[in-house]
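1. model the structure of this input:
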Amino acid sequence: MKSMRFLPFLFVIVSVLLVAGCVPQSPANAPEISTSEANLLYSRGETFFLDVREQEEWDMVHIPSTTLIPLGQLQDRLNEVPKDKNIVVVCRSGNRSQAGRDVLLAAGFTNVTSMAGGLNEWSKQGYPVEP
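-> Numbering: from 1, shown residues only. Got it, this is the predicted structure:
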């Protein structure tokens, strides 16, 4: 029964680690993931990558096999986004992807995250892009 005395301390330690972000979350449930985490998901081919930039930006550079739905059109085109897959929302620098993630979450999508740093960071890391 002595071990039961430590249970409250264990609960506090685990809680602090979760709040501090030391215990890894599933990328699908994380509000934002790094480009390296996104690249890992991308390489597995099981995640839907949604680009919320404008057509002109897409034409200049984009991640291969991603889907373009500009942020301003996303609310009207939700039916084009799968509900049965993990979704990573991307943009140029990471700001619009957060807004896109929030649109999807508000619409009932649950496995959604955005990519920190956007295409700028993705390209800087040398991950695949198409002109």
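2. which residue ranges of the protein form helices?
-> Remark: helices assigned in the chain by DSSP state H are 7-20, 35-44, 55-60, 71-74, 95-106, 118-124.
3. of all those helices, which one is nearest V112?
-> With C-beta to C-beta as the measure, helix 95-106 is the member of the helices of the chain nearest V112 (4.6 Å). In this view, the C-beta of every residue, glycine as well, is placed from N, C-alpha and C.
4. picking that back up, now the helices of the chain as a markdown table including mean neighbour count, mean pLDDT and distance to P82?
-> Below are the helices of the chain laid out as a markdown table (neighbours: other C-beta atoms under 10 Å; pLDDT from 0 to 100; distance: least, C-beta to C-beta, whole Å):
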| stretch | mean neighbour count | mean pLDDT | distance to P82 |
| --- | --- | --- | --- |
| helix 7-20 | 10 | 46 | 29 |
| helix 35-44 | 17 | 95 | 14 |
| helix 55-60 | 12 | 96 | 19 |
| helix 71-74 | 16 | 98 | 14 |
| helix 95-106 | 19 | 95 | 11 |
| helix 118-124 | 19 | 96 | 22 |
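5. quick one: closest of the ones you listed to K85.
-> Comparing these by C-beta to C-beta, helix 35-44 comes nearest, at 10.4 Å.
6. tell me which residues are up against that closest one.
-> 27, 33, 47, 49, 63, 86, 88, 90, 115-117, 121-122, 125, 127 (C-beta atoms under 8 Å, 6 or more residues apart in numbering).
7. and the residues you listed, which of them are buried?
-> 27, 33, 47, 49, 63, 86, 88, 90, 115-117, 121-122, 127 (16 or more other C-beta atoms under 10 Å).
8. now for the residues you listed: which two are most distant?
-> Across these, no pair lies farther apart than N86 and E121, at 19.6 Å, counting by C-beta to C-beta.
9. wait, doesn't V90 sit right on W122?
-> Yes - counting by C-beta atoms under 8 Å, W122 is a contact partner of V90 at 7.3 Å.
10. overlap of the contact sets of these two?
-> 38, 63, 115.
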